[in-house]
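Colleague: Sequence and predicted model, in that order:
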Amino acid sequence: MVPAASLELPGALPVAATAVAILAVAILLSRQRRSSGGGDGQGMKPIPNPYPFWSDLALDVTLKGDFPDAVKQHADFGPVFWWRFLGRRLLMVGDYEASMRLLKGEHTIVEADYPPSVQHLVGKWGISNLAGKQHMRIKRLVQAAFTPKAIRGYMPRMQAMAEEAVQKWAAQGDILTYNEMKWFTFRVAVGIIAGFDDSWTRPTPDGFEHVSALFKDWLDGLFSFAINIPGTAFARAMKARAGLMQRINASLDLLDAQKRREEEEGLGGAAADDKDTPPTALDLLLASRDEEGKGLTREQICDNVLVMLFAGHDTSATSLTRVFHFLHLHPEAAERLRQEQAEVLAKHGPELTEEALDDMPFTEGVIREVLRIKPIIAGFPRVAIEDFELAGHHIPKGTHMQCSLAQPLLTDARWAGEDNPLAFKPERWLNGAAQKAGAWIPFGGGPRLCLGWLLAMVEMKMLLAVVFRGHSLTVLNPDSPWALFPLARPKDGMPARFEAVQQQQ
């Protein structure tokens, strides 16, 4: 029904429309002023607000299919500027000093600020979701599994897995690189980190194929609207989490039963202490105690096993796929890596010991260079838990921030004098400049430095060593596009030909 007043007063409609328009403009201008970061009353610089109110990072990524160029953005707007993500006002931070201030200021000036979807899917006790003293306690318990000593214990099994993978790929001939890297890194995560049986990685419908599908659904919903309605990405992810947690609990039950049998048979845990069967990361996690003698509950263990299985295979698979892609594009680097392996093999023999890995500076340089140019994680979210100063700006308590890791990596001052500092040059890590302090922070830093970063580096070096001691990987479609969210991956899986080559003497 049309209101009578509008019929009686023909001029009322345009007047009302004008009033609404003026009110809307006033609201928008008010929003813009509030978002400008000016007027803090402390004599600090106002924070730039370069985008219109309707611009949104999520919309930008969706429309362009890629993340914005962080280096160009921060060159244009400065180390900090305002934007929005899913409608929420967000402070974009891109500067090495500013990034390190946030990384080192964890629990004092900032805390992790993951969206509700991550909180639900990772779990209440997942280390990435914890803050303050809870985070520090769980970290102290979990990190026992990732010390250099612990990783030395994993190395023989890791080498055996790498050699089995190379034999498998050589027999297949044509492979999908990304899929095979996921299979290899998942075997390492399940067998070495968790110590679970091979039911997770068997080539059966209920084995690796099923588990991989569960992780894909889980990952697809990790950064989504936390709306648990059938058909949504989040609902599929929650269902996948339930399936993964069911398998984790079942595997933990099997390990508990095995331990009880050993105790009943009088083994007294001797098998776990045998040098030929070093403990897994989960063994160390189960045995760890805090200063009060308390260990982790089953719920805490399950949530963190899920985190370790994800972080231990998906991110490493992406990195390894990137490495093989770069080596295909730069055959001179691949040849130099092959020559280094021939030298290491002649000096140390076939066993990949800690000393052998230390004698692979170029192999490590390849990995470092790939992670510098194509970091696994583009950035990290934080929220201010108190007022503080950052890059000459006042940051109020409650400010939500997205801190770039890509920008510091790509603008590392050590390479500023080069004609093309973004060029792929693994040899840069062999010269004197590499020994200086710099902005190589692909694994973050501070209290939330990735616990498994050293394990990931060992795993990647070991696989490259085994591959380049007698095989080659030729990418068949190097120009194929990559999907970049939530983790980078080649859309076609990166088909490649894997074959034996004559080993250099």
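Modeller: Perfect, I can see it now.

Colleague: where does the protein dip in pLDDT?
Modeller: 1-43, 267-278, 503-505 (pLDDT under 70).

Colleague: Confirm for me that residue 130 is in contact with residue 138.
Modeller: Yes: in terms of C-beta atoms under 8 Å, residue 130 counts as a neighbour of residue 138; the distance is 5.7 Å. For the C-beta atoms, the positions are set from N, CA and C on the backbone; glycine is no exception.

Colleague: where do the contact lists of these two overlap?
Modeller: Jointly contacting residue 130 and residue 138 under the rule C-beta atoms under 8 Å, 6 or more residues apart in numbering is no residue at all.

Colleague: so residue 83 is in which element?
Modeller: strand 80-85 (DSSP states H and E).

Colleague: Check which residues of whichever helix or strand comes after that strand are buried.
Modeller: Following strand 80-85 in sequence order, the next helix or strand is strand 88-93 (DSSP H and E). Within strand 88-93, the residues scored as buried using 16 or more other C-beta atoms under 10 Å are 90, 91, 92, 93.

Colleague: What is the most widely separated pair among these?
Modeller: Greatest spatial distance among these (C-beta to C-beta): 90 and 93, at 9.7 Å.

Colleague: which residues are common contacts for those two?
Modeller: Common neighbours of residue 90 and residue 93 (criterion: C-beta under 8 Å, 6+ apart): 401, 402.

Colleague: which helix is the longest one in this protein?
Modeller: For the chain, the longest helix by residue count, based on DSSP state H, is helix 233-264.

Colleague: in it, what's buried?
Modeller: By 16+ other C-beta under 10 Å, the buried positions in helix 233-264 come out as 233-241, 243-245, 247-248, 251-252, 255, 259.

Colleague: need the helices for the stretch 51-200 of the chain, in chain order.
Modeller: 57-64, 70-77, 96-104, 116-122, 132-142, 148-172, 177-188 (DSSP state H, counting those that start in this stretch).

Colleague: Which one of those helices lies nearest to residue 405?
Modeller: Residue 405 lies closest to helix 96-104 among the helices of the stretch 51-200 of the chain, at 7.1 Å (C-beta to C-beta).

Colleague: and that closest one, how far out from the chain's middle?
Modeller: Mean C-alpha position of helix 96-104 versus that of the full chain (C-alpha atoms, centre = their mean, to the nearest Å) differs by 18 Å.

Colleague: I'd like to know which elements that helix is packed against.
Modeller: strand 388-390, strand 400-404, helix 406-410 (3 or more C-beta pairs under 8 Å, 6 or more residues apart in numbering; DSSP states H and E).

Colleague: switch to 10 Å and redo it
Modeller: Here helix 96-104 touches strand 88-93, strand 110-112, strand 379-384, strand 388-390, strand 393-395, strand 400-404, helix 406-410, going by 3 or more C-beta pairs under 10 Å, 6 or more residues apart in numbering; DSSP states H and E.

Colleague: Please enumerate residues in contact with the last one?
Modeller: Read that as helix 406-410. Residues outside helix 406-410 that contact it (C-beta atoms under 10 Å, 6 or more residues apart in numbering) are 67, 69-75, 79, 92-100, 371-375, 377-379, 404, 421-422, 438-442.

Colleague: Take it, keep the C-alpha atoms, and write them as CSV.
Modeller: Only the C-alpha atoms of helix 406-410 are listed here, as CSV (Å, rounded to 0.1, in the frame of the first residue of the first chain):
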residue,chain,number,x,y,z
ALA,A,406,56.1,-11.5,1.5
GLN,A,407,57.0,-7.8,1.6
PRO,A,408,60.0,-8.1,3.9
LEU,A,409,61.2,-11.2,2.1
LEU,A,410,61.1,-9.5,-1.3
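
Colleague: elements contacting the next helix or strand after it?
Modeller: Note on helix 406-410: by DSSP H and E, the next helix or strand toward the C-terminus is helix 453-467. Secondary-structure packing of helix 453-467 (3+ C-beta pairs under 10 Å, 6+ apart): helix 148-172, helix 177-188, helix 298-311, helix 314-329, helix 331-348, helix 354-358, helix 361-373.

Colleague: Residue 414 is nearest to which of the ones you listed?
Modeller: The closest of the helices and strands packed on helix 453-467 to residue 414 is helix 361-373. By C-beta to C-beta, the value is 10.5 Å.

Colleague: Please spell out which residues along that closest one are buried.
Modeller: 362, 363, 364, 365, 366, 367, 368, 369, 370, 371, 372, 373.

Colleague: again, but for stretch 372-386
Modeller: Buried residues in stretch 372-386, counted by 16+ other C-beta under 10 Å: 372-376, 378-385.

Colleague: just checking, residue 283 is part of a helix?
Modeller: Yes: per DSSP: H, G, I helix; E, B strand; the rest coil, residue 283 lies within a helix segment.

Colleague: any idea how far residue 477 is from it?
Modeller: Distance of residue 283 to residue 477, computed by C-beta to C-beta, to the nearest Å: 42 Å.

Colleague: same question, residue 152
Modeller: For residue 152 relative to residue 477 (C-beta to C-beta), the value is 39 Å.

Colleague: next one: residue 175
Modeller: From residue 175 to residue 477 the distance is 13 Å (C-beta to C-beta).

Colleague: Mind listing the shared neighbours of the two?
Modeller: By C-beta under 10 Å, 6+ apart, the residues touching both residue 175 and residue 477 are 493, 494, 495, 496.

Colleague: So which of those are in strands?
Modeller: Of these, the ones assigned to strands by DSSP state E are 495, 496.

Colleague: Could you export the shared contacts of residue 175 and residue 477 as CSV, including neighbour count?
Modeller: Formatted as CSV, the shared contacts of residue 175 and residue 477 follow (neighbours: other C-beta atoms under 10 Å):
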residue, neighbour count
493, 18
494, 26
495, 17
496, 25
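
Colleague: Turn the shared contacts of residue 175 and residue 477 into CSV, columns for distance to residue 412.
Modeller: As requested, these are exported to CSV (distance: C-beta to C-beta, whole Å):
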residue, distance to residue 412
493, 32
494, 28
495, 33
496, 30
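
Colleague: now, among the shared contacts of residue 175 and residue 477, which is nearest to residue 226?
Modeller: residue 493 (29.8 Å).

Colleague: What's the local residue count around the closest residue to that closest one other than its chain neighbours?
Modeller: Computed as C-beta to C-beta, 6 or more residues apart in numbering, the closest residue to residue 493 that is not its neighbour in sequence is residue 176, at 3.5 Å. Look at residue 176: counted by other C-beta atoms under 10 Å, it has 17 neighbours.
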